[in-house]
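>>> build me a model from this:
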Amino acid sequence: MSDYTTDKATILVVDDMEVNRLILQEILADSYEIQQAADGLEAVTKLITCIQKPQLVLLDIMMPEMDGFEVLRFMKTDPVLQKIPVIFITAANEETNEIRGLNAGAVDYIAKPFNPKVVRLRAATHIELMRYREKLEDLVDAKANELVATKEIFLETMANLIEYRSLESGEHVKRTRELTQLLIMELLKKQTYRQQLIDCDYSVLIKAVPLHDIGKIGIPDNILLKPGRLTPEEFAVIKTHTVIGSEIIKSLLVSGEDVYLSHCYDICRFHHERWDGNGYPANLAGTDIPLSARIVAVVDVYDALVSERCYKRAHTHEEALTIIREASGTQFDPNIVNALLQIEDQFKRHSS
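Sure thing, here's the model as predicted:
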């Protein structure tokens, strides 16, 4: 949302000549809140520290210590300040500076001596343009958020449909997400993966978990629902669900970066890789396996073990922990297994 919340716009007037500041204040004070800065350094300080950012800066070019171009360059490096329109104040014969200022990112210029009508019109025009742009950005952001939410709901619905097709209740999708969240909250307490989880936006990672088995949509029923042991040929078909799922996710990436779909892709493709490199589909090992997939690998196996399936009975919580503990350092990342063991009671409550 916008950083500009008051109806009466604020204008920052920056000029080392007090008389110029006073003239501009006199011209504009009836319609706007006026702030003043006597030089570039003071202007930068005000821009950084003020809570209510100005909606327009009238900026003199020739000032001691820090001139107008330097102030503008600084503003362009800040994601909030760069949105504030800057009108340069120039002398009547400073055409070179006018061109240079416009090239640097100023939206306009006003010449000295000031024409009150021109000053008011240009201030009003650029404040209105800025407000229109911000409303448009807010509308675009709202629509983008709506589309993201719709996409997430659609994909999670697909994941639930696949669970129903697998003769499951759909609870596996819900539990794997909840258990992943518990495990990530524990991992955040430890140094090993804390920063990596923060950098990869772990909240989005958690949302991506339900898609881990979406590739099973491409597995024939006679294999997916077989009650007995799979043949080597049938198991080879089952293993393709990792590639099928990740290719489905890849097809949804229209352009640019999408953190949510990137996590979906990594989890779909790599959650059956093993810490020792004997997993599938790429035989990745250790930390070459994306962290998201290493976490989901532990959660997915735990929930599969404690759940009854058409081909097996449900293991007890204690039996599942024994199996996972024995696979630490071979099938699973030992740091993640250790984190699970720290919160095993929480896992037991969520799986019962």
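>>> could you measure from Leu102 over to Tyr109?
7 Å (CB to CB, to the nearest Å). Heads up, the C-betas are built off the backbone N, CA and C, glycines and all.
>>> those two - which one has more neighbours?
Tyr109 (21 against 13; other CB atoms under 10 Å).
>>> is it true that the more buried one touches Ile89?
Yes: under the criterion of CB atoms under 8 Å, Tyr109 makes contact with Ile89 at 7.3 Å.
>>> longest helix in the protein, please.
Using DSSP state H to define each element, the chain has its longest helix at helix 116-165.
>>> any idea of the pLDDT on the spatially closest residue to Gln55 that is not a sequence neighbour?
Nearest non-adjacent residue to Gln55, counting by CB to CB, 6 or more residues apart in numbering: Ala9, 4.2 Å away. With respect to pLDDT, Ala9 has a value of 91.
>>> and Ile219, what does it touch?
Contact analysis of Ile219 by CB atoms under 8 Å, 6 or more residues apart in numbering lists Val237, Ile238, Thr240, His241, Ile244.
>>> so the helix or strand that comes right after the longest helix of the chain versus helix 116-165, what angle?
As assigned by DSSP states H and E, the chain's next helix or strand after helix 116-165 is helix 171-187. Angle of helix 171-187 versus helix 116-165, following axes from the mean of the first three to the mean of the last three CA atoms, to 10 degrees, is 120 degrees.
>>> next, the angle from the following helix or strand past helix 171-187 to helix 171-187.
The first helix or strand that comes after helix 171-187 along the chain, using DSSP H and E, is helix 191-199. Here helix 191-199 runs at an angle of 120 degrees relative to helix 171-187 (the same axes, to 10 degrees).
>>> which other helices and strands contact helix 191-199?
helix 171-187, helix 291-306 (3 or more CB pairs under 8 Å, 6 or more residues apart in numbering; DSSP states H and E).
>>> in the next helix or strand after the last one, which residues are buried?
Next along the chain after helix 291-306, taking DSSP H and E as the criterion, comes helix 317-326. By neighbour count with 16 or more other CB atoms under 10 Å, helix 317-326 contains the buried residues His317, Ala320, Leu321, Ile324.
>>> same thing with stretch 277-286?
Residues of stretch 277-286 classed as buried: Gly279, Tyr280, Leu284 (neighbour count, 16+ other CB under 10 Å).
>>> same deal with stretch 76-92?
Of the residues in stretch 76-92, those buried (16+ other CB under 10 Å) are Leu81, Lys83, Ile84, Pro85, Val86, Ile87, Phe88, Ile89, Thr90.
>>> what about the third one, distance to Lys46?
Computed with CB to CB, the distance linking Ile84 and Lys46 is 12 Å.
>>> adding pLDDT and distance to Pro64, write the buried residues of helix 317-326 out as CSV.
Below are these laid out as CSV (pLDDT from 0 to 100; distance: CB to CB, whole Å):
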residue, pLDDT, distance to Pro64
His317, 94, 73
Ala320, 95, 72
Leu321, 96, 71
Ile324, 97, 69
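>>> now, which of the residues you listed sits nearest Pro232?
Ile324 (25.1 Å; CB to CB).
>>> how does the chain divide into domains?
Annotated domains of the chain cover 10-138, 166-351 [automatic domain parsing].
>>> distance to Glu152 added to those domains, as CSV?
Converted to CSV, those look like this (distance: least, CB to CB, whole Å):
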stretch, distance to Glu152
domain 10-138, 21
domain 166-351, 6
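>>> which one of the ones you listed lies nearest to Glu146?
domain 10-138 (12.5 Å).
>>> sorry, back to before: now flag whichever of the buried residues of stretch 76-92 is closest to His350.
Distance to His350, by CB to CB, is smallest for Lys83 among those, at 44.5 Å.
>>> would you agree the closest one is in contact with Leu129?
No: Lys83 is beyond contact range of Leu129, at 11.4 Å (criterion: CB under 8 Å).
>>> and the helices and strands packed on helix 191-199, which one is worst for confidence?
Across these, helix 171-187 gives the lowest mean pLDDT, at a mean of 90.
>>> give me the buried subset of the contacts of Ile219.
Buried among the contacts of Ile219 by 16+ other CB under 10 Å: Val237, Ile238, Thr240, His241, Ile244.
>>> of those, which belong to helices?
Val237, Ile238, His241, Ile244.
>>> in CSV, list those along with distance to His263 and pLDDT.
Converted to CSV, these look like this (distance: CB to CB, whole Å; pLDDT from 0 to 100):
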residue, distance to His263, pLDDT
Val237, 26, 95
Ile238, 23, 93
His241, 18, 95
Ile244, 18, 94
